[in-house]
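Participant: Quick one: sequence and predicted model below, then my questions.
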Amino acid sequence: MIRLPDLLAGSLIAAGPGYMPERASSVAEGVDHVFGLLFWISAFFMVVIVGFTILFVIRYRARPSRTGPEASPDHSTRLEIFWSAIPLALVFVIFAASTKVYFAMVESDPGSAPQRVQVTGRRWSWWFDHAGGKGSKELHVVVGKPVELVLASTDVIHSLYVPEFRLKQDAVPGRFTRMVFTPTVAGSYPVLCTEYCGTNHSTMTSVVVVHPDQASFDAWAAEGKGGDETLLEVGVRVFGEKGCSACHSTDGSAGVGPSVKGIWGKEEKITTGATIRVDENYIRESIVKPGAKISAGYEDMMPPIPLDDREIQGIVAYIQSLKDGP
Amino acid sequence: MTSGENYLTHGKGIRSWLLTVDHKRIGIMYLGLIAFSLFLGGVFAMVVRFHLWNPGGGLVSNDAYNKMFTLHGAVMIFLFVIPGIPSAMGNFVVPLMVGAKDVAFPRVNLLSFWLFVGGAVLFVATLVVGGIDTGWTLYPPYSLESSRGLGILLALTGVFLAGFSSILTGVNFIATIHKMRAPGQGWFDLPLFLWALYATGIIQIFATPVLGITVALGFLERVFHLGIFMPEYGGDPVLFQHFFWFYSHPAVYIMILPAMGIVSEVVAVFSRKPIFGYKFIAMSSIAIAVIGFLVWGHHMFVSGQSKWANVIFSFLTLLVAIPSAIKTFNWLATMYKGHIVLKTPMLYVLSFFAIFGVGGLTGLFLGALATDIPLHDTYFVVAHFHFVMVGAVMIAFLSGLFYWWPKMTGRMYDERLGVASALLIFVGFNVTFIPQFLAGTRGMPRRYATYAEQFQGLNRLSTVGSLLLAAGLIVALWAFVKSLRSGARAPANPWGGATLEWATPSPPPHDNFAVAPRGVHPYDYTGLRHVSEEAGWEPVRKEGAP
Ligand SMILES: [Cu+2]
Ligand SMILES: [Cu+2]
């Protein structure tokens, strides 16, 4: 038998937090809880605002039997402090709840070694270079395995959005941005663009396929292998063709410039005395504006070398592969 | 009573209007232009809504759709919502409320009007050369790509001019409020509308120059490739977003604070009670203006901004809830034990309470990081800011217009038409925008010319709502036109307001007051007595006074 209170609660939840897309990432539930908290706080205040408005209008409206206002104070510091304090307290609660979930949304678990996927947004499609070299117009990931997307754009700003993951990240030309997540439910979900990018913005879509296990992913990754040049291959080729190898060794020995072996992820000293972390944005800057940050112990000798986005991604992939390689 | 000359009959011919330095005439001219902008922006909005009737779009091409939503946003924001209340109504009532003859710098006021006209003309010129499709936010690299034609340069210049107009208006109001208050009118005897405009003026003066600089840099970047915002020349597109929102978030308060000011006036007059907690309301306006400068980063939570910057911006954004809540509770408390007269301005204010409530509370979802990340750039945001900017600001604008209309024109309007417009707008507004919250929560991104099947029902509902909303606006327009043609003569004080603008005839004489008035408590109604519907309210003769 359906009980009235259940029915009521059910329909209220459906009207609010229940109205969210499916949950398919490890953070979706946390996000929905914050949404629920905000929804009910808002609902409460709306009841207060609309309720008192209606009540006062009914009781105190001008009518033949009511010819003027009744005396009542024109302020009450205690009351006003009271209703300033309530929202203040709630702000702290909301902030704490939301920020805690937010940290989970932008950081992968320490030590989880996420799979890196290079994402390129361009008018009006997405391109995903998966770890292991496979490039595709769709994003492929495995249930339960953390993923780190490194986003780039070749033209204007785009934004990658997967409603079922509750996550979104802009892809900004001229820099790399990151997005991390762990898919929790196998299936495929739409990938949308949420930063306006012109004529076909609304059809700049793709899908993310969440494989139920590694084997299924591997089978997909093996399909048609050896076709296009992988990012790593691009990197190796560019490193030779553009003359990087003249100044940079790949075996750890210092040359005119520092060796690129083992630098990925390292904290490095630069001439200003500051330390920086070697990540994709630092590598991009080192190539495009070499003078901006100079590795300690070296001269500002590197010429700016115009590389396109894909070549930079390739170099990044190459340097990464030299992290602790042969 | 209205014998003799008034500001409308003082001076004849088109020149006596176009070159006038009378703040009242300037206010009326602004009103005309702003009403036209609302109409233009509304037409663009209707094209957008009809285009979205079907998931595949189809009414116009994607490119034309993109231009439509851009122009809708740009015209509504720069030519209606930002200047609306301060320039049209503020110009008319600020000097009256302080018992002055004019604003502090009447010529600057005229200059500001003509700068605004210049801005508006450039927007229309943008249309003529084929429009722009960059979104009103003008984000580079998209907006500054070399393939984009003359339109973007015209639009940037238009924004620049309109911005200067806004700055000059702010300067004028602040100077007027400082220097021209009636004898005996202390700071805490100012009507709250003036506190609101004062806070607005601060924002206009400090924030708008940044907009000017931003669009100027955009212009130079586009023409000379300086390498400021465009990555291909070595610039940073996110820098633009910082500059842009450093202005445009405070601009939200340029829009909403004057609206709150109107609400404070109307709710007191139509409850026949002093406003509850005058000082808290006044100070919360200032608090909103100050915090408003520190929250711009909440528009960039997913732009790749640092995690800690996000956390700080999120916290500061949530703080805005507090002054907003104080105001709302104080307005409600003003009605307590009052004598609530349900005339048109008050009906608009009542619908403001509900709509501003939703608009403000949904702001929490976007200030909180965890929920903003999925909701950013979806229809949830579209619904949220329409609740604030159309629901709250436009409805307060209409409330103020009905409230001061008798003062401006000397004519009463048809109460039934006024009430009908308020109801239609309230219903139409909610039917239009509540579905957009749902679509956004389900993940429908904004600025989409086409959309997934699952959102069809919600979009159609929204389009139906927009028709009701448009109908409500037409009824309001009809009420005003009818009033001009056959409205009853308005008494000096039809509503029993205690602020000084009601102490002079409707419409006011050219010099505003026959005898310079003294400051009074703006919400003390005990000195007024209702004579009749036609004669309005009159001061009670003091015992022993001549
Ligand atoms: Cu897009
Ligand atoms: Cu903002």
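Facilitator: Received it, and whenever you're ready, just let me know what you need. Ligands and ions are numbered 1, 2, ... in the order given.
Participant: can we go C-alpha only for contacts and neighbour counts from here?
Facilitator: OK.
Participant: residues near the residue nearest to A:Arg61 when sequence neighbours are not counted, how many?
Facilitator: Excluding the flanking residues, the one nearest A:Arg61 by Cα to Cα, 6 or more residues apart in numbering or on different chains is B:Ile340, at 4.2 Å. B:Ile340 is flanked by 27 other residues according to other Cα atoms under 10 Å in any protein chain shown.
Participant: so B:Ile340 touches B:Arg272, yeah?
Facilitator: Yes: contact criterion Cα atoms under 8 Å: B:Ile340 and B:Arg272 qualify, at 7.0 Å.
Participant: coming back round to it: please report the distance of the residue nearest to A:Arg61 from B:Lys407.
Facilitator: For B:Ile340, the distance to B:Lys407 (Cα to Cα, to the nearest Å) stands at 21 Å.
Participant: picking that back up, residue contacts, the residue nearest to A:Arg61?
Facilitator: A:57, A:60-62, B:270-272 (Cα atoms under 8 Å, 6 or more residues apart in numbering or on different chains).
Participant: so which residue of the stretch 201-326 of chain A comes closest to ligand 1?
Facilitator: A:His201 (4.0 Å; Cα to the ion).
Participant: count of neighbours near that residue?
Facilitator: 25.
Participant: now the one 3 residues further on
Facilitator: A:Met204 has 21 neighbours, counted by other Cα under 10 Å.
Participant: Would you agree it is in contact with A:Trp127?
Facilitator: No: using Cα under 8 Å, A:Met204 is not in contact with A:Trp127, being 11.1 Å away.
Participant: element containing the nearest residue to B:Ile174 once chain neighbours are set aside, please.
Facilitator: Nearest residue to B:Ile174, sequence neighbours excluded (Cα to Cα, 6+ apart): B:Tyr198, at 5.7 Å. Following DSSP states H and E, the helix or strand that holds B:Tyr198 is helix B:192-224.
Participant: Residue 84: how many residues sit nearby?
Facilitator: The chain I'm using is chain A. Under the criterion other Cα under 10 Å, the count of neighbours that A:Ser84 has is 20.
Participant: Not quite, go with chain B.
Facilitator: Neighbour number of B:Gly84 under other Cα under 10 Å is 27.
Participant: Can you tell me the SS state at it?
Facilitator: At B:Gly84 the chain is in helix, as set by DSSP: H, G, I helix; E, B strand; the rest coil.
Participant: wait, doesn't it sit right on B:Phe397?
Facilitator: Yes: at 7.3 Å, B:Gly84 counts as touching B:Phe397 under the criterion of Cα under 8 Å.
Participant: Below-threshold pLDDT in chain B: ranges please.
Facilitator: Chain B contains residues with pLDDT under 70 at B:1-4, B:541-546.
Participant: need the strands for it, in chain order.
Facilitator: B:528-532, B:536-539 (DSSP state E).
Participant: closest one to ligand 1 among those?
Facilitator: Here strand B:536-539 is closest among these (Cα to the ion), at 57.5 Å.
Participant: hmm, back to that, which parts of the helix holding B:Tyr198 count as buried, going by neighbours?
Facilitator: B:192-205, B:207-212, B:214-222 (16 or more other Cα atoms under 10 Å in any protein chain shown).
Participant: With stretch B:79-92 instead?
Facilitator: Result for stretch B:79-92 [16+ other Cα under 10 Å]: buried residues B:79-92.
Participant: Rebuild the residues you listed as a markdown table, extending it with distance to chain A.
Facilitator: A markdown table is the format used below for the buried residues of stretch B:79-92 (distance: Cα to the nearest Cα, whole Å):
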| residue | distance to chain A |
| --- | --- |
| B:Leu79 | 23 |
| B:Phe80 | 24 |
| B:Val81 | 23 |
| B:Ile82 | 24 |
| B:Pro83 | 27 |
| B:Gly84 | 27 |
| B:Ile85 | 25 |
| B:Pro86 | 27 |
| B:Ser87 | 30 |
| B:Ala88 | 29 |
| B:Met89 | 26 |
| B:Gly90 | 26 |
| B:Asn91 | 29 |
| B:Phe92 | 28 |
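Participant: Which stretches in the stretch 1-150 of chain A count as strands?
Facilitator: A:115-122, A:125-129, A:135-136, A:139-142, A:147-153 (DSSP state E, counting those that start in this stretch).
Participant: nearest to A:Ala24, of those?
Facilitator: strand A:139-142 (11.8 Å; Cα to Cα).
Participant: mind checking how far stretch A:19-31 is from the chain centre?
Facilitator: 15 Å (Cα atoms, centre = their mean, to the nearest Å).
Participant: Let me fix that, I meant to ask about stretch B:19-28.
Facilitator: Centre to centre, stretch against its chain (Cα atoms, centre = their mean), the figure for stretch B:19-28 is 20 Å.
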